[in-house]
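Colleague: A predicted structure for the sequence below; I have some questions about it.
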Amino acid sequence: MDEIYAIIESKIKESGFTGEVNGYEIYNEICDFMDDKENGSYIFLSKKADDIVFEYKVDINDDDFNLSYVDIKEKDNSYHIDFDA
């Protein structure tokens with residue numbers, strides 16, 4: 001699992017986002033969001049600070065999920081991280 005957390009962190013940092021990133025917390029937040037959801041594609045927002053919002057696109061399947069992308073909005077900056085590329 002540590003490899004998954006590291007990939008999340010690495011891809012977000014590669015986008016140029018300089019804020020704090022914790023792959024473990026992001027993964028667990030997505031897992032919490034998935035509880036009781038039917039299969040399908042979902043977009044959900046997570047406010048990390050007063051001026052930082054993460055938007056996740058997640059495809060939920062029976063036994064797993066796919067994090068398609070994360071969009072980060074920070075003041076006047078935005079970052080797009082495509083995990084399907």
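Modeller: Thanks, I have it.

Colleague: neighbouring contacts of stretch 41-52?
Modeller: Applying CB atoms under 8 Å, 6 or more residues apart in numbering, the external contacts of stretch 41-52 come out as 19, 29, 33, 53-60, 68, 72-75. For glycine as for every other residue, the C-beta is placed from the backbone atoms N, C-alpha and C.

Colleague: Next: stretch 72-85.
Modeller: Contacts with stretch 72-85, where a contact means CB under 8 Å, 6+ apart, come from 11-12, 14-17, 19, 51-55, 66-71.

Colleague: Select, from the contacts of stretch 41-52, the two members most distant in space.
Modeller: Largest separation among the contacts of stretch 41-52 by CB to CB: 60 and 75, giving 31.0 Å.

Colleague: Got a PyMOL select line for the buried ones in the contacts of stretch 72-85?
Modeller: In PyMOL syntax, the buried subset of those is picked out as below (16 or more other CB atoms under 10 Å):
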select buried, resi 11+12+15+17+52+54+67+68+69+70+71
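
Colleague: So which of the contacts of stretch 72-85 belong to strands?
Modeller: 52, 53, 54, 55, 66, 67, 68, 69, 70, 71 (DSSP state E).
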